[in-house]
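> 3D model of this:
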Amino acid sequence: MKTLLALIVLLLLALVAGPRSHSRIGRFSQSFFFVGTEFLIIGWALRALGILGEGIWEALQPLVTLGLSWIGLLLGLQFELRHLRKILAFHVVGLAQGVLVTVGVSLAFYPLLAQIFGRGIDTQAAALLLGAAAATSSQDILELALRRRKRHPHAPVHLYRYAAGLDSMIPVFILALLSGIDREQSLFQSQTQHWLGALGWTGYATGLGIVLGLLAVFLLHRIRDKSRHLLVTIGFLIFSGGLAIALDFPPLYVSFVAGVVMVNLTGHHSITWEIASASERPFYFILLLLVGAAWNMGSEWALLLGPLFFLARILAKSLSLWLAGRVIFGRNLLDLRSGLALSGQGATAVALAASIQLIERGTLADSALTMILIAVLLSSLFAPGLTAQGLSRGVRR
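Okay, here's the model as predicted:
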């Protein structure tokens, strides 16, 4: 009964409060509400009040899996290869900055985590998780800032949009790698074997995603009625997410790969893309509520390291985009502060946190998730202003 009550509360909040929060744009806190981050706090509060108890996360795991599968599908549908070939240099710069941010933040935080939690494969994985979360960028915050601007340089707008889109690919791949690490620790003793085994496990997850993507194309390509298409899409995501969980694969990654296969076989303007993008917000809000309800602080150090992680991520974004642009373009096309335009965090970071909550719980994992979620909250408050500043500094004259 309590689970049913919690489910009703979640659905009402997502379907009723979500559109209202979207309509509050124009106030001081508009960006915080625009990306729905308030639902993270509401979920935490509902747990503190006892409405969402300890067992709710396990009881509603199928709903979490569906939400992750939906977000993964939407992320994958953005990667149509014929579009990626356009303005190739911009895509290379965007991908390079994401890799640089991931590596830089991981290397910076590993010594801190090792000092607190000790060295080992778990600490390496936690540092890599922080690097992956740092690489994510919010397309919603970027688009909101672009709409507010009356004038902007043409070239950087494409660069920022491509970079923000590509920033979802690196974290999703690292998630699959971390899932393999969690599995391989029970099989091998050597850290090298852990990482090699995790790469193999990621290959298996990729293969499953490709097969499911082909299945989705076969099921959906003849359906033109949107209501029926939506029902089949939901059924497919329930099946694919459940199968991924049963085989110990992250549903976010498997659906991401399936989405990449689907968009490259059916095209970007397919009914699936239209339905997935239009229906994403309720699933995302429910995911935020559940992640907030399952949020364990871990170590008290995480509360101190969270703001530090937020600042380190902003610094890494600025330096990485500037350096990647300097190397690829061969000149100072971008200002050093242009990377601030990618300072927002959103759905990918939250989906990454939810996926880790499904894979691993413990002091170290919970501490890393606390750092990520604190950064997401701070990003919702400060990133809109930083993004606008980065856009205004986009090109050196």
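
> got the CA coordinates for the strand or helix carrying Ala353 in CSV?
Ala353 belongs to helix 347-359 when elements are defined using DSSP states H and E. Backbone C-alpha positions of helix 347-359 (Å, rounded to 0.1, in the frame of the first residue of the first chain) are rendered in CSV as follows:
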residue,chain,number,x,y,z
ALA,A,347,19.7,14.9,-17.2
THR,A,348,22.9,12.9,-18.1
ALA,A,349,24.5,13.6,-14.7
VAL,A,350,21.3,12.6,-12.9
ALA,A,351,20.9,9.5,-15.0
LEU,A,352,24.5,8.6,-14.3
ALA,A,353,23.9,8.9,-10.6
ALA,A,354,20.8,6.8,-10.8
SER,A,355,22.6,4.1,-12.7
ILE,A,356,25.4,3.9,-10.1
GLN,A,357,22.7,3.6,-7.4
LEU,A,358,21.5,0.5,-9.2
ILE,A,359,25.0,-0.9,-9.5
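
> After it, which helix or strand is next? Please name it.
Heading C-terminal from helix 347-359 (DSSP H and E), you reach helix 363-392.

> Mind listing what's buried along that next one?
364-380, 382-384, 386-388, 390-392 (16 or more other C-beta atoms under 10 Å). The way it works is simple: take the backbone N, C-alpha and C, and place the C-beta from them, glycine included.

> For that helix, give the mean pLDDT please.
Helix 363-392 shows a mean pLDDT of 86.

> Pass me the low-pLDDT residue ranges in the stretch 201-350 of the chain, would you?
267-270, 331-332 (pLDDT under 70).

> From Gly120, how far out is Asn264?
40 Å (C-beta to C-beta, to the nearest Å).

> meant to ask about Arg326, not that
Applying C-beta to C-beta to Arg326 and Gly120 gives a distance of 36 Å.

> same check, this time on Pro307
Taking C-beta to C-beta, one finds Pro307 at 26 Å from Gly120.

> What residues does the residue nearest to Leu81 when sequence neighbours are not counted make contact with?
Using C-beta to C-beta, 6 or more residues apart in numbering and skipping the chain neighbours, the partner closest in space to Leu81 is Asn264 (5.6 Å). By C-beta atoms under 8 Å, 6 or more residues apart in numbering, Asn264 lies in contact with 79-81.

> Backbone torsions only: list them for Ser279.
Ser279 adopts backbone torsions of phi -110, psi 10, taken as degrees, to the nearest 10.

> okay, now it: neighbour count?
15 (other C-beta atoms under 10 Å).

> Give me the neighbour count for the nearest residue to Arg47 once chain neighbours are set aside.
Distance criterion C-beta to C-beta, 6+ apart; nearest residue to Arg47, sequence neighbours excluded, is Ala293 at 4.3 Å. Applying other C-beta under 10 Å, we find 24 residues neighbouring Ala293.

> what's the helix or strand for Trp295?
For Trp295, there is no enclosing helix or strand under DSSP H and E.

> nearest residue to it other than its sequence neighbours?
Nearest non-adjacent residue to Trp295, counting by C-beta to C-beta, 6+ apart: Trp44, 5.5 Å away.

> which residues does the one you found contact?
Here Trp44 is in contact with 292-293, 295 (C-beta under 8 Å, 6+ apart).

> which helices and strands does the helix holding Ala353 pack with?
helix 61-76, helix 121-135, helix 169-184, helix 251-266, helix 280-293, helix 363-392 (3 or more C-beta pairs under 8 Å, 6 or more residues apart in numbering; DSSP states H and E).

> for those helices, which one sits closest to Gln97?
helix 121-135 (8.4 Å; C-beta to C-beta).

> Against His83, how distant is Gly325?
21 Å.

> what's the answer for Thr363, then?
43 Å.

> Leu214 now?
Counting by C-beta to C-beta - Leu214 and His83 are separated by 21 Å.

> now Ser138
Distance from Ser138 to His83, by C-beta to C-beta: 20 Å.

> In terms of neighbours, single out the busier of those two.
Under the neighbour definition other C-beta under 10 Å, Ser138 and His83 were set side by side, and Ser138 has more, 28 against 15.

> And the more buried one, how close does it get to Gly131?
17 Å.

> Glu300 too?
23 Å.

> neighbour count winner among these two?
Shown here are Glu300 and Gly131; by other C-beta under 10 Å, Gly131 has more neighbours (26 against 10).

> Could I get the pLDDT score of that one?
As summarised for this prediction, Gly131 has a pLDDT of 93.

> Give me the spatial nearest neighbour of it, chain neighbours excluded.
Nearest non-adjacent residue to Gly131 (C-beta to C-beta, 6+ apart): Ser106, at 3.3 Å.
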